[in-house]
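K.L.:
Sequence first, then the predicted structure:
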Amino acid sequence: MTDLRTLYDAFEELERRADTVSAAEHAAAPATGDAVRLAPAGPRPERPRWAAPLVAAVALLVVAGGGTAWWRVSSDQPSRTPAGAGQLSASQATPSSNAPSRAATPATYVPPHTAAELTAKARAILGGLASITVTDTGTNLAASTPPSATPANSSAASRTRPASPVTIGPGPIIIGSSPTGGGYYDGGSAIVGIMTAADGTRGGFDLDLWSALPAGPSACDEGEHCTTSTEPDGSSLSVGTWRDPSVAGGLTWSVNYVRPDGASFAVHISNEASPKGESKVLAPRPPLTLTQLIAFVRSDLW
Amino acid sequence: MDFGDYVHQRRPALMRFATVLTGQAWLADDLVSDVLARAFERWDHIAGLDQPHAYVRRMIVNEFLSFRRRRRRTAPHEDVEPYLPELGDGAEQRAERELMLARLSQLPRKQRAAVVLRYYAGLSDAEIASELGCRDSTVRSQIARALATLRLQDDAGQPIRPVPDRAFQEIR
């Protein structure tokens, strides 16, 4: 028996294969004029005669329209530009692609200290994939804490992070020894708001980014279906699904991610107006897929 | 949104979805190209829908479910394996992933579609039922069988069980 994380790994691997074909197709199109090339080797499958001109027109439209927007970010040359940042490709979601850039990061991660900085980074990474509207900000914000009325679903962040003052708006930045004893702690910043995907799908989100050393394992939120895995580079990833028992169709995905350099992410994304639940359902599903959410926290642009 | 813009923005996502669905990138590329060609013919209608992308995704699912017809006019290809240098060991994770891919490939198409629509696309049972043209209860049984084949269990060591029915009520 295995866990759900392996299924997500399999999906990510298939996404990588899809991106490889897309990239190969894109690269081949200008040189050969055959924008509908399907596979690099072997006999080409016969396509219905009526479809060929249309498919060629479709692909050429894509190329002529500026294919860079869907140009896959190379797994060994991750883009650091905002334009490329929006492509949360599966390659960015893999430890192997992140590790080279991770090696160049400081030993201790310094998180954004203002909500504006955190928002700017989040927007750069999301690129054209989704937009965000921030409604609440703060440091050490209890953003990811579900309503007190549902204690069974209290978040891991609220359980594992120091019980320092909760602030909304510009608040104290906590840098120094962890109140839990020893180590290093930087409260970073947090934002809460609404995310809108490119297709118009809307949902509430919260994002909390701080730094703590020694880096502990990531934790699941209580009351959700969740799996935790350790990446080859030592990062710890917890991926959870929570179906709001009080709202029909309410679905929230959570990712808690701790890197060896202390960077700690707690992010929730929901199809409800609030990722805490007990709010209006805005869409059939959250604006990002779980795979996209994982790629979001794993981006090397943080 | 005109058709060119749609393809420009959505083709990569459609390719990923189709590859997860079919398990083979070359087949997904073929499938997506054919579906987009058909969508082009009806774009005036599709563009006027509330969720054009959902409509096109459903076209892909339907095309996948008619796989037998497609196989008659296509030849097997060697799949494209990206070169991804592995850092660290990661051998166990890779082995588990490959095993999962093999198990996914063994699923009947409808079961696989149900699993992909729930765990990849994040759809509810009602939405999956609509996509597959079956009842909610059928979706649940399909997914339960699929999870048994995939030998999935949650982190507590218990086999995944369907969440309570109330969590699957259709969104109004």
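P.N.:
Arrived safely, thanks for sending. Because the structure is predicted, anything quoted here is derived from the model rather than measured.

K.L.:
wait, what's in contact with the residue nearest to the spatial centre of chain B?
P.N.:
Central residue of chain B (CA atoms, centre = their mean): B:L21, 3.3 Å from the mean position. In this structure, B:L21 makes contact with B:A28, B:I60, B:V61, B:F64, B:R112, B:A113, B:V116, judged by CB atoms under 8 Å, 6 or more residues apart in numbering or on different chains. Where you see a C-beta, it was placed from the backbone N, CA and C, and this is true even at glycine.

K.L.:
Find me the pLDDT at it, would you?
P.N.:
The model reports B:L21 with a pLDDT of 92.

K.L.:
Tell me the spacing between it and A:S218.
P.N.:
With the distance defined as CB to CB, to the nearest Å, B:L21 ends up 30 Å from A:S218.

K.L.:
One more: A:E13?
P.N.:
In terms of CB to CB, A:E13 sits 22 Å off from A:S218.

K.L.:
same question, B:H53
P.N.:
On the measure of CB to CB, B:H53 and A:S218 end up 32 Å apart.

K.L.:
interface residues of the stretch 151-300 of chain A facing chain B?
P.N.:
Within the stretch 151-300 of chain A, the positions lying close to chain B (CB under 8 Å from any CB of the partner chain) are A:198-199, A:220, A:225-229, A:232-233, A:243, A:245, A:248-249, A:251, A:253, A:281, A:284-286, A:289-291.

K.L.:
still on that earlier bit, and which of the contacts of B:L21 is nearest chain A?
P.N.:
Nearest to chain A among the contacts of B:L21, counting by CB to the nearest CB, is B:A28 at 6.1 Å.

K.L.:
neighbours of the closest one, just the number please.
P.N.:
27 (other CB atoms under 10 Å in any protein chain shown).

K.L.:
Which stretches in chain B count as strands?
P.N.:
Counting by DSSP state E, chain B has strands at residues B:152-153.

K.L.:
quick one: A:F205 and A:I269 touch, right?
P.N.:
Yes: using CB atoms under 8 Å as the test, A:F205 is close enough to A:I269 to be in contact (4.5 Å).

K.L.:
who's more crowded, those two?
P.N.:
Between A:F205 and A:I269, counted using other CB under 10 Å, A:F205 has the larger neighbour count: 29 against 26.

K.L.:
Pull the contacting residues for that one.
P.N.:
Applying CB under 8 Å, 6+ apart, we find A:F205 in contact with A:I132, A:V192, A:G193, A:I194, A:M195, A:V267, A:H268, A:I269, A:S270, A:P275, A:P287.

K.L.:
shared neighbours of A:F205 and A:I269, anything?
P.N.:
Common contacts of A:F205 and A:I269, defined by CB under 8 Å, 6+ apart, comprise A:M195, A:P275, A:P287.

K.L.:
Setting the sequence-adjacent residues aside, check what's closest to the last one.
P.N.:
Spelled out, it's A:P287. Sequence neighbours aside, A:A197 is the residue nearest to A:P287 in space, at 3.8 Å (criterion: CB to CB, 6 or more residues apart in numbering or on different chains).

K.L.:
And for the second one?
P.N.:
Sequence neighbours aside, A:H268 is the residue nearest to A:P275 in space, at 3.8 Å (criterion: CB to CB, 6+ apart).

K.L.:
What residues are bridge-paired with that neighbour?
P.N.:
For A:H268, the beta-bridge partners are A:D206, A:S254 (DSSP bridges).

K.L.:
in the stretch 51-200 of chain A, which ranges drop under the pLDDT threshold?
P.N.:
For the stretch 51-200 of chain A, the stretches with pLDDT under 70 are A:51-106, A:138-183.

K.L.:
do stretch A:6-16 and chain B meet?
P.N.:
Yes: applying CB under 8 Å from any CB, one finds stretch A:6-16 touching chain B at A:T6, A:L7, A:Y8, A:D9, A:A10, A:F11, A:E13, A:L14, A:E15, A:R16.

K.L.:
In helices, which of those fall?
P.N.:
Cross-referencing the residues of stretch A:6-16 next to chain B against helices under DSSP state H gives A:T6, A:L7, A:Y8, A:D9, A:A10, A:F11, A:E13, A:L14, A:E15, A:R16.

K.L.:
List the contacts of the nearest residue to the fourth one once chain neighbours are set aside.
P.N.:
In space, not counting the residues next to it along the chain, A:D9 is nearest to B:R97; the distance is 4.5 Å by CB to CB, 6+ apart. The neighbours of B:R97, taking CB under 8 Å, 6+ apart as the test, are A:T6, A:D9, A:A10, A:E13.

K.L.:
Contact partners for the residue nearest to A:K280 when sequence neighbours are not counted?
P.N.:
Spatial nearest neighbour of A:K280, excluding adjacent residues (CB to CB, 6+ apart): A:A273 at 4.8 Å. A:A273 makes contact with A:I194, A:G203, A:G204, A:S279, A:K280, A:L282 under the criterion CB under 8 Å, 6+ apart.

K.L.:
What ranges in chain B fall below the confidence cut-off?
P.N.:
Residues of chain B that meet the criterion pLDDT under 70 lie in B:67-90, B:153-172.

K.L.:
just the helices in it please.
P.N.:
Using DSSP H, helices in chain B cover B:3-22, B:25-41, B:43-47, B:52-65, B:67-72, B:91-106, B:109-119, B:125-132, B:136-150.

K.L.:
quick one: which of the ones you listed is nearest A:T108?
P.N.:
A:T108 lies closest to helix B:91-106 among these, at 26.8 Å (CB to CB).

K.L.:
List the buried residues of that closest one.
P.N.:
For helix B:91-106, the neighbour count (16 or more other CB atoms under 10 Å in any protein chain shown) marks B:Q93, B:R94, B:E96, B:R97, B:M100, B:L101, B:R103, B:L104 as buried.

K.L.:
returning to that earlier point: filter the contacts of B:L21 down to the ones close to chain A.
P.N.:
B:A28, B:V116.

K.L.:
Can you show me the helices along chain A?
P.N.:
Using DSSP H, the helices of chain A run over A:4-32, A:51-64, A:82-85, A:95-102, A:115-126, A:156-160, A:290-298.

K.L.:
Can you name every helix or strand that the last one contacts?
P.N.:
Judged by 3 or more CB pairs under 8 Å, 6 or more residues apart in numbering or on different chains; DSSP states H and E, the packing partners of helix A:290-298 are helix A:4-32, helix A:115-126, strand A:236-243, strand A:251-258, strand A:263-270.

K.L.:
Of B:H53 and A:S218, give the one with the bigger neighbour count.
P.N.:
A:S218 (24 against 21).

K.L.:
any idea how far the more buried one is from chain B?
P.N.:
Per CB to the nearest CB, to the nearest Å, A:S218 is found 12 Å from chain B.

K.L.:
give me phi/psi at that residue?
P.N.:
Main-chain dihedrals, A:S218, degrees, to the nearest 10: phi -70, psi 160.

K.L.:
ok, back up a step: most neighbours, which of the contacts of B:R97?
P.N.:
For these, the largest number of neighbours (other CB under 10 Å) sits with A:A10, at 24 neighbours.

K.L.:
so that one sits right up against B:L107, yeah?
P.N.:
No: the criterion here is CB under 8 Å, and A:A10 misses it with B:L107 at 11.7 Å.

K.L.:
Would you check that B:W26 makes contact with A:A18?
P.N.:
No: between B:W26 and A:A18 there is no contact under CB under 8 Å: 10.2 Å.
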